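# generate a structure from the sequence data that follows.
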Amino acid sequence: MSFPKAKPDWNNLQVIHKNTLPPRAHFYSYATEAKALTLDREQSEYKSLNGTWKFHHDASPFEAPDWAEADPLTWDDIKVPGMWQLQGYGRPLYTNVNYPFHVDPPNVPFENETGSYWRQFTVPKQWDGQQIRLRFEGVDSAFHVWVNGKEVGYSQGSRNPSEFDVTPFLQPSGSANSIAVRVYEFCDGSYIERQDQWLLSGIFRDIYLLAFPKDAIVDFTCTPELNDSFTSAVLRTSVKVQGAPGDVAIKLYAPEGYLLMDETFSSSEASAIAVSGDSLKLWSAESPVLYTVTITFAGRTLIQRIGFRRIERKDPNFLINGRPIIFYGMNRHEHHYLYGRAVPYDCMRADLVLMKQHNINALRCAHQPNDPRLYDVCDELGLYVIAEADLETHGFDPVERSNIQDQNIKTRMEIQEESYKIATRWTSDNPEWKDAYVDRAVELVQRFKNHPSVVFWSLGNEAFYGRNHDEMYKCIKSADPSRLVHYEGDRDALSADMYSCMYYSIDEMKEHVSKKTDRPLIQCEFGHAMGNGPGGLEDYINAFRTEKLLQGGFIWEWCNHGLLKRDGNTFYYGYGGDFGDEPNDADFVMDGMTWSTHKANPGLVEYKKVIEPITVTRDGNSLVIKNHYEFIDLGHLEATWHLVKASGTTEPTNLSIPTIQGGETGTVKLPTTDSGSEDTWLTINFRLKEDTKWANKGHEVAWAQIPLFEEHKLPLAKPVSQPTSPYGIQEKGGRLVITTPSFKSNFTFDLVRGRLQWTSEAGKILTKGPELGIYRAQTQNDVGPNGDAELWNRFRVSSAKTHVRSVSWKVENGVVTIVSNVRVAPTVLEWACNATMTYTITDDTVHLHTKGDFSGTYPEYIPRIGLTMSLPKFYDSAEWFGRGPGESYLDKKVSARIGRWDASIDELNTAYEWPQENGNRSDTRWVRVKPTARGEHGGATLEARMETPFNFSLRKHSLEDLDKCKHPHELSELDEAVLNLDYLQHGLGTGSCGPGPFEAYRLKAGPFEFSTSFQVIE
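Numbering: from 1, shown residues only. Prediction:
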């Protein structure tokens, strides 16, 4: 006797599938063409098995119930589709790279969580005599299936479909049948499914029955071909049948719905339908024109929406419909904060609609095949798709990295590349894994081959590069030569049709295309959207638009992967480690441009702006309008203009724009040059003229602001002297107490700490400050491997506080002047920021001049140079003239438009799901901080100005809390409001996984000088 009696299928590299049917295109079969034209699968020969199943959870497959002895009716209920870890069994686990088990391929541990599912079903009477197929759209990670107690088969490949012929296992129609599915958390396939996402298990996509007649089409391929002038096309269609061959009727319906052409062809041959002239309209992301094809054979009709478009690489760019397009793309993992990868259709569609509303034109299905309905929506809405195989082996990297010698003298990139070259030996360059790799390529291509939105196939992600990728490439090219193939891990593009990279800086991209000119480069991941950021997106887009061989990129990534977690009465979005999961990569899963709820965050708003399809610049008395679309003019948009100034905004006026074809430039006369006595911005808006499938009429697609003035020094509030009335000044207990002649204001200056308190007849204004500040809370990009947190921590910047060295004061010409020499310095170390802060005080105004420099061995870059002060807590709102309404930073501000804004302190703070620096408003010309309700506290409005546009933030959390807390609910609300006025700030960058702030956005420690005025406004 031995244990186990035989090698388990889930630990057997030689077993990928048992008794599954061949991969095929995704489609449904209808009894009539009329039903097919509804595109409603409920009208097809389909029966859903989604819903409530019985469920039993075990720690190992060897401990799972014996089906012959089990009584599933006594088991718990579970929802299908769903992940069992999110329904009370086991726990979610997040790792980015590491395998969550001992590395011993192809073996996974015998302690391998197992879910046993069971339910009953009946087969419709009208299906008698037909082949009944059981189809799983996705099961993570492997499963066996039984029908009526008899084993049907086995399959793995979590995000690929599995289809079985269950006809021989069924009871007569009308009788009850049982289906049992045993799902394994891990299998040998888990070694090539180590994507950066939650590890979750179960039947997470649709499961259903299909009826196929004895004689039926079981697969079909529609391939559009276009001539070189794109004036005529041929739709080639071939079918694969089971049973007897015969005639096939095919119809092509125009986008408007009328029958364009029909013909009959033999099932053993192919159809070729020619379309030309006015009947031919091309599909693109900008104009997603869809035709409808119906294919009828032996009394059944299939339906497919197709688009005419051509993809090729030529001289040396890749082209769509003859034009070298730029991907303004997005990576999207399937994730829902309640359901994990079991994303409801409406939520998936809402994601894609939101992408279109934010000017995104391309989607990388990271890093696996998605819900098949997603590709239908991409066809409809217009998104270029990189369809990616379910393949990633990143977990072998740390296995090899630990063996690399002399790491202390190598760069991170050198260590990575050395590790990757070795790690390929495990699976990617191991011939024993060839079939497993090729299987995933075949499943991908056959399932989605008929979708016009799919422009590239991708061999997977971060699986190094080896012979098995070459086998995948050859397999794909043989099956579908009409599309290009992508794979980032293939550094020399031996098995790919373009170069691809991740997280290159702009200089690195430009260096690449200067050396490798035979094909284009895309960034399949860039702009790592973790927390407050990404910074520098505008620079990337400018590079894409100016360098011929840079054809765009895909932001990493769409959403934060927080899972809703409850601790007592507290709800929050959990990440790695919040569920007791080990090993974990903590908050690295919170790296999206939408919150965990899939609502846009500031990063997505910024991305929409920098990739907008229209840009406007001024050339003398003309506006130069650039159309960044490739295929359409601007006729679907209406343009208006209005003026923005501090005193108000004018009403919008229509702006007539000429016909500007895709990629071209046009000019219009500047509608006005008269800005009056105020600094004025001409604002131009471009909005949809009509409703679309992704936005309503009036949706703003693009906007521009053109200053109608020359830059100049901004005015400060002027101190009003009281030359005939004496100030009361008294030094007492280390404080300087100042009483103004009108008794409207009283000031107390702390001679020990260098702080000013200000009280007016309306109540307290300043309770502490302004102090010179050089630190801000760190962002997730700061603390990343390429961020500056390591530098700031090493120099103990967060501990820097004000040390007063000397203070002098005088009363002259009716004003009080205080000169405070301070040293802002850390504990332990000797470096410092030395400054002279000169206060000029009158009844209702404080003018502060700050001049300083750094001494000692100080950090090269610092977070900020500015002022920090505390106000009473009832100062809970602000009005300002500058960029808004949302937050903005030096390298993340083009989406914030100049205007006059008003917001509460809650609205001024951005509630990142991992607390960090937030809520800054840049290019501010003045700000007024005020109480929302004066009430018993009174409270005057405090206005602040600088001589140059500045940054401000008003917050209710301390820097210490923002740095220390790991979830929003851990933050403690202060008993004061903290106002920051920053002269300069360090940029954000994407250092969590990419370059830090570009040099133009880095704040280098050095001499500085700025003036600030504070004025009470009753």
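
# tell me who's in contact with the nearest residue to Ile320 once chain neighbours are set aside.
Distance criterion Cβ to Cβ, 6 or more residues apart in numbering; nearest residue to Ile320, sequence neighbours excluded, is Ile311 at 5.8 Å. For the C-beta atoms, the positions are set from N, CA and C on the backbone; glycine is no exception. Contacts were defined as Cβ atoms under 8 Å, 6 or more residues apart in numbering; by that measure Ile311 touches 318-320, 455-456, 482-484.

# could I get the phi/psi values of Ile311?
With angles defined as degrees, to the nearest 10, Ile311 sits at phi -120, psi 130.

# got it, and Glu33?
Dihedral angles (degrees, to the nearest 10) for Glu33: phi -70, psi -40.

# surely it touches Thr296?
Yes. With contact defined as Cβ atoms under 8 Å, Glu33 reaches Thr296; the gap is 6.3 Å.

# who has more neighbours out of those two?
Thr296 (21 against 16; other Cβ atoms under 10 Å).

# am I right that the more buried one falls within a helix?
No. Per DSSP: H, G, I helix; E, B strand; the rest coil, Thr296 lies outside any helix segment and is strand.

# who does it bridge with?
Ala249, Thr301 (DSSP bridges).

# circling back to that earlier point, what do Glu33 and Thr296 both touch?
Lys251.

# any idea how far the residue nearest to Leu391 when sequence neighbours are not counted lies from Arg545?
Leaving aside its sequence neighbours, Leu391 sits nearest to Gly460 (Cβ to Cβ, 6+ apart; 3.0 Å). For Gly460, the distance to Arg545 (Cβ to Cβ, to the nearest Å) stands at 29 Å.

# the more surrounded of the two?
Gly460 (27 against 14).

# secondary structure element holding the more buried one?
Counting by DSSP states H and E, no helix or strand carries Gly460.

# same check, this time on the one 10 residues further on
Under DSSP H and E, the secondary-structure element containing Asp470 is helix 467-479.

# give me the mean pLDDT for that helix.
Throughout helix 467-479, pLDDT has a mean value of 98.

# extract the C-alpha trace of that helix and format it as CSV.
Extracted in CSV, the C-alpha atoms of helix 467-479 (Å, rounded to 0.1, in the frame of the first residue of the first chain):
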residue,chain,number,x,y,z
ARG,A,467,11.8,28.3,-25.6
ASN,A,468,8.2,27.8,-24.5
HIS,A,469,7.4,31.4,-25.3
ASP,A,470,8.7,30.8,-28.8
GLU,A,471,6.4,27.8,-29.1
MET,A,472,3.5,29.9,-28.0
TYR,A,473,4.4,32.6,-30.6
LYS,A,474,4.6,30.1,-33.4
CYS,A,475,1.3,28.5,-32.4
ILE,A,476,-0.4,31.9,-32.3
LYS,A,477,1.0,33.0,-35.6
SER,A,478,-0.1,29.8,-37.2
ALA,A,479,-3.6,30.1,-35.9
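
# who does the very next helix or strand once past it pair up with?
Next in sequence after helix 467-479, counting helices and strands by DSSP H and E, comes strand 484-486. Note on strand 484-486: by DSSP bridges, its sheet partners are strand 454-458 (parallel).

# which residues does the partner strand contact?
Residues outside strand 454-458 that contact it (Cβ under 8 Å, 6+ apart) are 311, 320, 364, 375, 384-389, 441, 444-445, 448, 476, 480, 483-487, 497, 524.

# now the buried members of those.
Buried members of those, scored by 16 or more other Cβ atoms under 10 Å, are 311, 320, 364, 375, 384-389, 441, 444-445, 448, 476, 480, 483-487, 497, 524.

# and the residue nearest to Leu391, how far from Cys365?
Counting by Cβ to Cβ, the gap from Gly460 to Cys365 is 11 Å.
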